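Student: got a structure for you, letters missing:
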């Protein structure tokens, strides 16, 4: 795992835990049961889903593992896989992670610097 991915996943865990006492307790239990990486990736999904306002059938950027294949498949409309892949492409192009908990905000911060 790259340092960029680890840092984004750490922030995703922190953001998810900060949402509520209930979420903090849930994350702490899952950390024990599933380990750090699985829990952090789930937190990244949770954060991306909420911040990108994804429909139930749309994948978050953190689920895109075959970037070239998803881009080559072309625009799939409302299914969202292509849009998620394009977002991952933008994130990676500026040195960010597919696990960014708030991808659009991270891209805006990068552009501002």
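Tutor: Noted; the coordinates are in hand. It should be emphasised that the depicted structure is a prediction, and the values quoted were computed from it without experimental measurement.

Student: what helix or strand does residue 104 sit in?
Tutor: helix 103-112 (DSSP states H and E).

Student: any idea of the mean pLDDT for that helix?
Tutor: For helix 103-112, mean pLDDT rounds to 94.

Student: can you give me the buried ones in that helix?
Tutor: By 16 or more other Cβ atoms under 10 Å, the buried positions in helix 103-112 come out as 103, 106, 107. Backbone N, C-alpha and C define where each C-beta goes, glycine included.

Student: got it, and stretch 92-99?
Tutor: 96, 97, 98, 99.

Student: quick one: contacts for residue 6?
Tutor: For residue 6, the contact set (Cβ atoms under 8 Å, 6 or more residues apart in numbering) is empty.

Student: and it, how far from residue 62?
Tutor: Distance, residue 6 to residue 62, using Cβ to Cβ, to the nearest Å: 13 Å.

Student: what's the answer for residue 99, then?
Tutor: Distance of residue 99 to residue 62, given as Cβ to Cβ: 5 Å.
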